[in-house]
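1. quick check, what structure comes out for this input:
(one chain, ligands or ions: 1)
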Amino acid sequence: MASVIKQVEQYIAAHHEEYVERLKAFLRIPSISTAPDAAADTRRAGAWVCELLQGCGVAAELVDTPKHPCVIGDSGPVNGGGPTVLLYGHYDVQPVGALPLWKTPPFEPEVRDGRIYARGAADDKGQVLTHLLALEAWKKVAGRLPVRVKLLIEGEEEIGSVNLEPLVRAQRDRLACDYVALSDTAKLDDDTPAITYGTRGLVYKEIRVYGPSADLHSGSFGGSVANPGNALARILAALKDDRQRVTIPGFYDDVAELGATERKQMDRLPFDEPAYLRSLGSAALVGEAGFSTLQRRWCRPTLDVNGLFGGYMGAGAATLIPAWVGAKVSMRIVPKQNPRKISEAFDAAVRKLAGADVRIEIDTHSLAAPYLCPIDSPGAQAAARAITAGTGRAPAFIREGGTLPILPMFKDILGADSLMIGFALPNCNAHSPNEFFVLEDFYAGIRTSAHFLQTLAEL
Ligand SMILES: [Zn+2]
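-> Numbering: from 1, shown residues only. Below you'll find the predicted structure:
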């Protein structure tokens, strides 16, 4: 067995130049899923993925959704069983933004200083291709894959995966798997590959506070009626205490505390706090008392005002008591917290704080669950061994403060944990001009994916 993976590695090494040309071909397709005229090009990128898979003997087809199709593939059962892995990724890309800011056109990929520049280079075409080319290398060298591999490569990630959940639900049996693996995340830094094993969830609310039926003269009426602006300020200020703890009753009840091992692991990660502060341009780092900056960003729930509006917002002064004001407020929630429960607790707390002298309306814009993959699971350990073999470096286990609703969705519908293996750099300009992917990371990704199939088979 060991010799087969060596041969696969040699095959990959001998095809680096050809792989770059194929990546370029993929990147030339302007599959901007949000563009009004994107249908044909986006579909073409999906068809490109299908053809690559079919070309190496993996069954694949484009499955239509109400918008852009999804590639579903299956390498078929293997002798001796073993776990089945579902590779998830996306072939659609973000819009290009301001063209003059691009050094070379976004859909004319160019290699400069060992990096390939194009829209989608890192997010996510380059990273998707690492897995496809690893499958191909195994097929060419061994004529088979060591484990059963299924694929789900969508064309709507950049528009919020709008049709993915119904599709996964409808195709549940066909997508059945033991693990989901995806590469749409970043390394910890230039030198350290990473497995991202947790994300925070999101509860996004909008509060509107109503007072008088119309704006009032603040001279004639000020001091005699409740001012919605003052009321909103009082409500928002009361939602956090001076230790930066959220005051909503029950807010922390279900929060999963960090275990000692995980805490130690996180404390060992290279993290330059002064440099982090400098990069943000803020006066100071502030957060929940008793936790490190990384813990606050990854493992602790937060509440943030995202926007404030209403009343007089023009130039100069207008003396009025506004009829209404509003705020957008988001809460990032962590494992074991339930978005619906937190949303209801927020509503109750805000209504209580508002009192009876103003009228309150609260809308919910999004509810998304957090996600956590156990890092001692066999799959996570297989991924770590594969990264070590593919890159020569042991991966850092990191979490992500943002929200990826597809992960709890996969867990919920398929019952499978997701392993996020990232090869992009944190500063790869995803969603910005001059997006790039380091070619050495592209090759390391292909090697890692090839090893991953092997380490999974050994479980
Ligand atoms: Zn992406």
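2. distance from stretch 30-42 to the middle of the chain?
-> 21 Å (Cα atoms, centre = their mean, to the nearest Å).
3. ok, stretch 236-250 next?
-> Distance of stretch 236-250 from the chain centroid (Cα atoms, centre = their mean) equals 27 Å.
4. cool, and stretch 245-264?
-> Centroid displacement of stretch 245-264 relative to its chain, using Cα atoms, centre = their mean, is 22 Å.
5. and that stretch, end to end?
-> This stretch, stretch 245-264, spans 23 Å end to end (Cα to Cα, to the nearest Å).
6. contact partners of that stretch?
-> Stretch 245-264 is contacted by residues 238-241, 266, 288-289, 295, 299-303, 331, 334-338, 341-342, 345-346, 348-349, 372, 375 when judged by Cβ atoms under 8 Å, 6 or more residues apart in numbering. C-beta: built from backbone N, CA, C; applies to glycine.
7. change it to 6 Å
-> Contact with stretch 245-264 is made by 239-241, 288, 299, 303, 334-337, 345-346, 349, as judged by Cβ atoms under 6 Å, 6 or more residues apart in numbering.
8. residues contacting the residue in the stretch 301-450 of the chain that the ion sits nearest to?
-> Per Cβ to the ion, Ala430 is where the stretch 301-450 of the chain lies closest to the ion, at 6.9 Å. Taking Cβ under 6 Å, 6+ apart, we find Ala430 in contact with 122-123.
9. repeat the analysis, applying 8 Å as the threshold.
-> Shown in contact with Ala430 (Cβ under 8 Å, 6+ apart): 94, 122-123, 424.
10. give me the three-state assignment for the residue nearest to Val225 when sequence neighbours are not counted.
-> Counting by Cβ to Cβ, 6 or more residues apart in numbering, Val225 lies nearest to Pro212, which is 5.9 Å off, once chain neighbours are set aside. Of the three states, Pro212 takes coil according to DSSP: H, G, I helix; E, B strand; the rest coil.
11. want to throw the contacts of stretch 245-264 into a markdown table with pLDDT?
-> Output for the contacts of stretch 245-264, formatted as a markdown table (pLDDT from 0 to 100):
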| residue | pLDDT |
| --- | --- |
| Leu239 | 98 |
| Lys240 | 98 |
| Asp241 | 97 |
| Glu288 | 98 |
| Cys299 | 96 |
| Leu303 | 98 |
| Val334 | 98 |
| Pro335 | 96 |
| Lys336 | 97 |
| Gln337 | 98 |
| Ala345 | 98 |
| Phe346 | 98 |
| Ala349 | 98 |
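12. show the buried residues in the residues you listed.
-> Buried subset of the contacts of stretch 245-264 (neighbour count, 16 or more other Cβ atoms under 10 Å): 239-240, 288, 299, 303, 334-335, 337, 345-346, 349.
13. inside strands: which ones of the residues you listed?
-> Using DSSP state E, the members of the buried ones among the contacts of stretch 245-264 that fall in strands are Leu303.
14. farthest-apart pair in the buried ones among the contacts of stretch 245-264, please.
-> Across the buried ones among the contacts of stretch 245-264, the longest distance by Cβ to Cβ is 22.8 Å; it joins Cys299 and Ala349.
15. show me what from the stretch 1-150 of the chain comes close to the ion.
-> 123-124 (Cβ under 5 Å from the ion).
16. pLDDT below threshold where in the stretch 1-150 of the chain?
-> Within the stretch 1-150 of the chain, the stretches with pLDDT under 70 are 1-2.
17. just the strands in it please.
-> Ranges of strands in the stretch 1-150 of the chain, per DSSP state E, counting those that start in this stretch, are 59-63, 70-74, 84-90, 110-112, 115-117, 148-154.
18. can you pull out the helices in the chain?
-> Secondary structure of the chain (DSSP state H): helices at 2-14, 16-27, 39-55, 125-142, 164-170, 218-221, 228-238, 260-268, 273-280, 293-298, 339-354, 378-391, 406-414, 439-457.
19. so where's the stretch 151-300 of the chain uncertain?
-> Across the stretch 151-300 of the chain, nothing is flagged by pLDDT under 70.
20. show me what residue of it gets nearest to the ion.
-> The ion sits closest to Asp184 of the stretch 151-300 of the chain, with a gap of 4.2 Å, by Cβ to the ion.
21. wait, that residue sits on Gly89?
-> Yes - in this structure Asp184 lies within contact range of Gly89 using Cβ atoms under 8 Å: 6.4 Å.
22. mutual contacts of the two, please.
-> Taking Cβ under 8 Å, 6+ apart as the criterion, Asp184 and Gly89 both touch 124, 127.
23. from Thr319, how far off is the residue located most distally from the centre of the chain?
-> Residue farthest from the centre of the chain, counting by Cα atoms, centre = their mean, is Ser220 at 52.0 Å. Using Cβ to Cβ, to the nearest Å, Ser220 is found at 9 Å from Thr319.
24. and for Thr84?
-> Distance from Thr84 to Thr319, counting by Cβ to Cβ: 68 Å.
25. do Leu202 as well
-> For Leu202, the distance to Thr319 - Cβ to Cβ - is 38 Å.
26. out of the two, which sits in the more crowded spot?
-> Leu202 (20 against 12; other Cβ atoms under 10 Å).
27. which residues touch that one?
-> With Cβ under 8 Å, 6+ apart, Leu202 has these contacts: 330-333, 339, 366-368, 403.
28. ok, what's across the strand from Arg208?
-> Beta-bridge partners for Arg208, by DSSP bridges, are Gly326, Glu361.
29. ok, it - how many residues close by?
-> When counting by other Cβ under 10 Å, one arrives at 18 neighbours for Arg208.
30. can you pick the most crowded of the contacts of Leu202?
-> The member of the contacts of Leu202 that has the most neighbours, counting by other Cβ under 10 Å, is Ile333 with 28 neighbours.
31. identify the residues contacting the nearest residue to His16 once chain neighbours are set aside.
-> Nearest residue to His16, sequence neighbours excluded (Cβ to Cβ, 6+ apart): Tyr443, at 5.8 Å. The contact partners of Tyr443, by Cβ under 8 Å, 6+ apart, come to 12-13, 16, 19.
32. now, of the residues you listed, which are buried?
-> 12, 19.
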